[in-house]
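Peer 1: Below are the sequence and a predicted model for it; my questions follow.
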Amino acid sequence: MKALATSLALLGFSIGVVWHAFAAEPVPDKLVVLTFDDSVASQATFVAPLLKKHGFGATFFITEGFEFLVDKQNYMTWEQIQALHEQGFEIGNHTRKHAGVNKQKPEQLAADVEFIEQQCEKAGIPRPVSFCYPGYATSKAAAKILKERGYQFARAGGAKAFDPATDDPLLMPQAFDGKPDSTLEQFKAAVAQAKDGKVAVMTFHGVPDIKHPWVNTDPVKFEAYMQHLKDEGCTVVPMRDLAKYAGKK
Ligand SMILES: [Zn+2]
C-alpha cells in the first residue's frame, strides 16, 4: 500500500513537471521589466503614479542603507513601500545596508537579506522573490545563498538583454542603466533588444535622485522613456512575472 502511494506520488510529480514544461509561456517580443533601486522617495511620489497612469508594472528594490533611517524627505517610509505593494507593484530585496555581496561573509549577507524579509513581513508585504545586487557586485556564493532562501531572480549590472534560455536568472543582466547623461536613443536601443526570447530589464534609481546625482534621472526624460514604452506597445511587468516564461531553471 505504501509502495502504491509512493508510486502515485511520483506519477503526480512527473505529471506536474511535464505540465509545467508545457504550461510555460514563450517570451513575447517587447517584454520589459522596470526596476527601481535604493528606496528613493521620488519613486513613491512621482514614479508610481506615472506607471499607474500607463498601466505598467515594476519592481522596487528596497534597502535601509544610505540615509534611509534618518532622511525621510529623500527616502521612502515603510508606509510608502507598503502602499507600492498595495498598488500591485513588486517589492524586491536590496539588502539591509547596501553592502557589496562580494565583500561580505555568507552569514552577513544572509542576515542583511533576512532583515529586509522581516521588515516586509512587518509591513504585510509578501516575502520577496526578486533581489538586486548592491552596487552590481556579484558572486557565485551570493547567488547560492539567494537560491537557498527561495529567490527566483537577482538583477546585476551589465548592458544586455536577459535571455531566460541561457542566462542564470540569479545573475540577471540589465539592458539599460538610467544615468543623468542617458539618452532616449539609448533607451530605445535597449527596448529594441526585447525580442527573440529576450527580455529588456531596465534599471533606475530616483526620478529625480537628489542624494545620488550620479544615478539621477530627470523626470521629463523619464516621462519620454515611459511614453516610448507606451507607443511601442510594450508589455511592462515586475520581475516576478518572469516566472511564467520558459527558462533555464
Ligand atoms: Zn542600490
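Peer 2: Thanks, I have it.
Peer 1: Please list the residues of this structure that sit near the ion.
Peer 2: By CB under 5 Å from the ion, the residues of the chain that approach the ion are Asp37, Asp38. (C-beta placed from N, C-alpha, C; glycine too.)
Peer 1: where does the chain dip in pLDDT?
Peer 2: Within the chain, the segments meeting pLDDT under 70 span 1-23, 246-249.
Peer 1: For it, which segments count as helices?
Peer 2: In the chain, the helices defined using DSSP state H lie at 2-23, 41-42, 48-54, 78-86, 106-122, 140-148, 184-192, 219-232.
Peer 1: what's the most buried one of those?
Peer 2: Among the helices of the chain, helix 41-42 has the highest mean neighbour count (mean count of other CB atoms under 10 Å), at a mean of 20.
Peer 1: ok, the closest residue to Tyr151 other than its chain neighbours - how many residues close by?
Peer 2: The spatial neighbour of Tyr151 that comes closest, neighbours along the chain excluded (CB to CB, 6 or more residues apart in numbering), is Phe131 at 5.0 Å. Phe131 is flanked by 28 other residues according to other CB atoms under 10 Å.
Peer 1: And Phe131, how far from the ion?
Peer 2: Here Phe131 is placed at a distance of 11 Å from the ion (CB to the ion, to the nearest Å).
Peer 1: Format the helices of the chain as JSON lines; extra columns: distance to Phe204.
Peer 2: Listed next are the helices of the chain as JSON lines, based on distance: least, CB to CB, whole Å:
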{"stretch": "helix 2-23", "distance to Phe204": "32"}
{"stretch": "helix 41-42", "distance to Phe204": "10"}
{"stretch": "helix 48-54", "distance to Phe204": "11"}
{"stretch": "helix 78-86", "distance to Phe204": "14"}
{"stretch": "helix 106-122", "distance to Phe204": "19"}
{"stretch": "helix 140-148", "distance to Phe204": "22"}
{"stretch": "helix 184-192", "distance to Phe204": "10"}
{"stretch": "helix 219-232", "distance to Phe204": "7"}
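Peer 1: re earlier: tell me what the residue nearest to Tyr151 is bridged to.
Peer 2: Asn93, Ala154 (DSSP bridges).
Peer 1: Find the nearest non-adjacent residue to the closest residue to the ion within the chain, please.
Peer 2: Closest contact between the chain and the ion, by CB to the ion, is at Asp37 (4.0 Å). In space, and not counting its chain neighbours, Asp37 is closest to Phe61: 4.7 Å by CB to CB, 6+ apart.
Peer 1: Hmm, the one you found is touching Phe36, no?
Peer 2: Yes - shown here, Phe61 and Phe36 form a contact pair, counting by CB atoms under 8 Å, at 6.8 Å.
Peer 1: And those two? Which one has more around it.
Peer 2: Using other CB under 10 Å as the criterion, Phe61 and Phe36 rank with Phe36 on top: 30 against 27.
Peer 1: what is the more buried one paired to in the beta sheet?
Peer 2: In beta-bridge terms (that is, DSSP bridges), Phe36 pairs with Phe60, Phe204.
Peer 1: Next up, the contacts around it.
Peer 2: Gln43, Val47, Ala58, Thr59, Phe60, Phe61, Phe204, His205 (CB atoms under 8 Å, 6 or more residues apart in numbering).
Peer 1: how does it look with 6 Å?
Peer 2: If a contact means CB atoms under 6 Å, 6 or more residues apart in numbering, then Phe36 has Gln43, Phe60, Phe204 as its contacts.
Peer 1: Quick check: the residue nearest to Asp37 touching Phe131?
Peer 2: No - using CB atoms under 6 Å, Phe61 is not in contact with Phe131, being 7.7 Å away.
Peer 1: so Val40 touches Gly206, yeah?
Peer 2: Yes - under the criterion of CB under 6 Å, Val40 makes contact with Gly206 at 3.3 Å.
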